[in-house]
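In: attaching a predicted model along with its sequence, questions to come.
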Amino acid sequence: MANVLWLLSKLDMRNLLDILLVAGVIYGLLWLLRGTQAVQLLRGVILLALVIASIGSIAGLTAFNWLLSNGSQALAVVVAVILQPELRRGLERLGRAGGFARLTGREDVLDSVINQIATACRRLAERRQGALIVIERETGLQDYMDTGVEIDSRVTAELLQTIFFPNTALHDGAVIVRGERLVAAACVLPLAESIPSDTHLGTRHRAGVGITEQTDAIAVIVSEETGIISLARNGRIVRHLDEQALLVLLQHLLQPEPAAYRRTGTRKNGARGAKPAKS
């Protein structure tokens, strides 16, 4: 405690301004890269830099400190080249003065989004209308959102049905949900090389599995040919889901564990549990 008070006593306005400027630069960089996969890369770079700096602080490592002092500038250039698309996109976003993404962890909002998605999937499956709904989690999906058409609307079953109505302009591609908002439609996703559980599944299922291989997102797929509802996560796919089973899975994956276990037993409509999904 005494050391902390001594350090605080040595701070003047210039030192305080210096600290605030450094913190502002770091915060601004993270803000520019928010919503992209580059955030994870930047975290790794910062962690690596801290480890290297700690080792370099050891006295007597003359050659290693020389390498650090001469290689830091080159490393900064390499990082800037790797993050060039994200930095450009972030600067464009800054120029447009766009608002922050409105994410929410409120259980009532999450419950509403889950219900709307499950209801839409049931209706689409009954009509044999294909759909691909991607739900963003920790890993940002802004790169994929930028390939589609911006929507930024509240998630409703009616909106999802309209988007995936056959032959409409936005039905071919994926919609991406962030928090309680349907952010974009007609998005292009990476394709999985293969789906071990079924080699006969088409492009929509390969895209759903592909996005979950590269990110921690959840993909819900409705087959246009069979009307089967599937859910993909971590490169794996579970098929033959009904509305109730989809509700239970989404609750478990998206809500905190205590809430998920509380709600899987009884729904608002009085249904209990879920039918086991066929493999």
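Out: In hand now; what should we look at?

In: secondary structure class for N167?
Out: coil (DSSP: H, G, I helix; E, B strand; the rest coil).

In: relative to G173, how far out is it?
Out: Counting by CB to CB, to the nearest Å, the gap between N167 and G173 amounts to 14 Å. Bear in mind the C-beta positions are built from the backbone N, C-alpha and C, glycine included.

In: L189 against A174, yeah?
Out: Yes - taking contacts as CB atoms under 8 Å, L189 lies within contact range of A174: 5.3 Å.

In: okay, and the common contacts of the two?
Out: Taking CB atoms under 8 Å, 6 or more residues apart in numbering as the criterion, L189 and A174 both touch L132, V134, Y144, A207, G208, I211.

In: kindly reformat those residues as a markdown table containing neighbour count, distance to V51 and secondary structure.
Out: A markdown table is the format used below for the shared contacts of L189 and A174 (neighbours: other CB atoms under 10 Å; distance: CB to CB, whole Å; DSSP: H, G, I helix; E, B strand; the rest coil):
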| residue | neighbour count | distance to V51 | secondary structure |
| --- | --- | --- | --- |
| L132 | 25 | 40 | strand |
| V134 | 27 | 34 | strand |
| Y144 | 24 | 32 | helix |
| A207 | 23 | 37 | helix |
| G208 | 30 | 37 | helix |
| I211 | 28 | 31 | helix |
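
In: low-confidence ranges in the stretch 101-250 of the chain?
Out: For the stretch 101-250 of the chain, the stretches flagged by pLDDT under 70 are 101-106, 196-199.

In: try 90
Out: Applying pLDDT under 90 to the stretch 101-250 of the chain flags residues 101-110, 137-140, 142-143, 167, 179, 192-202, 213-216, 234-235.

In: summarise which helices and strands the one helix or strand S54 maps to is packed against.
Out: Counting by DSSP states H and E, the element that carries S54 is helix 38-56. Secondary-structure packing of helix 38-56 (3 or more CB pairs under 8 Å, 6 or more residues apart in numbering; DSSP states H and E): helix 13-33, helix 62-82.

In: so which of those helices comes closest to G44?
Out: helix 62-82 (10.4 Å; CB to CB).

In: buried sites along that closest one?
Out: L68, V79 (16 or more other CB atoms under 10 Å).

In: what is the three-state secondary structure of the closest residue to G202 other than its chain neighbours?
Out: Nearest in space to G202, with sequence neighbours left out and distances taken as CB to CB, 6 or more residues apart in numbering, is E225 at 7.6 Å. Assigned by three-state DSSP, the conformation of E225 is coil.

In: for T62, see how far away E225 is.
Out: Separation of E225 from T62 (CB to CB) stands at 68 Å.
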